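Asks: mind folding the following:
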Amino acid sequence: MALSQTLLNLIERAERKGTAVKRVREGAVMDSSSWGMSPLERNEYIRSTPMINQWEVEYYIESYPVYVVKHYDTLIARFECVEGEWQLTNYYGESNSDRDALNGLCSYFGVNRGFRYRPSVGSFEEVTC
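Replies: Predicted coordinates:
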């Protein structure tokens, strides 16, 4: 699976700056209270909600390079390059976007792991590639 352009841009920016964040208005993604509003009312409502971190990528070097990826301030992935090989050392997911991000990141870093999300049973699990 291909890595989204948003995450690719954040990874590249994190390599230069240490941290990269994509922020959005909370009302645009997390709220259903704008149902029934006119487009003008909805736009005003969204503008009145606070900004939140949708995606955050951190890059730093301990004794090896490390990438940490957060989705809505929840750690979903930690990749470490140990002895020249990337490893997924920590993961978490609870949505289709977490699944897509993890699968894209694994593909990007050359890690042979995959994930699926089944909302009907609330299951987020690793699958064999």
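
Asks: ok, which stretches of this structure are strands?
Replies: Ranges of strands in the chain, per DSSP state E, are 19-25, 51-61, 65-71, 74-82, 85-91, 114-118, 123-127.

Asks: what helices or strands is the fourth one leaning on?
Replies: Okay, so that is strand 74-82. Applying 3 or more C-beta pairs under 8 Å, 6 or more residues apart in numbering; DSSP states H and E, one finds that strand 74-82 makes contact with strand 65-71, strand 85-91, helix 96-109. Where you see a C-beta, it was placed from the backbone N, CA and C, and this is true even at glycine.

Asks: who wins for proximity to Arg13 among those?
Replies: Among the helices and strands packed on strand 74-82, the nearest to Arg13 by C-beta to C-beta is strand 65-71 (12.0 Å).

Asks: can you list the strands that that closest one pairs with?
Replies: strand 51-61 (antiparallel), strand 74-82 (antiparallel) (DSSP bridges).

Asks: re earlier: got the helices and strands packed on strand 74-82 as a markdown table, with distance to Ala28 and mean pLDDT columns?
Replies: Formatted as a markdown table, those follow (distance: least, C-beta to C-beta, whole Å; pLDDT from 0 to 100):
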| stretch | distance to Ala28 | mean pLDDT |
| --- | --- | --- |
| strand 65-71 | 15 | 97 |
| strand 85-91 | 27 | 96 |
| helix 96-109 | 14 | 96 |
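
Asks: convert the C-alpha atoms of the worst-scoring helix or strand of the chain on mean pLDDT to PDB, please.
Replies: Least confident element among the helices and strands of the chain, by mean pLDDT, DSSP states H and E: helix 26-29 (a mean of 82). The C-alpha trace of helix 26-29 is given here as PDB (Å, rounded to 0.1, in the frame of the first residue of the first chain):
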ATOM      1  CA  GLU A  26     -11.900  20.000  15.400                       C
ATOM      2  CA  GLY A  27     -15.300  20.800  14.100                       C
ATOM      3  CA  ALA A  28     -14.300  19.800  10.600                       C
ATOM      4  CA  VAL A  29     -13.400  16.200  11.500                       C
END
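
Asks: nothing else from me, thank you.
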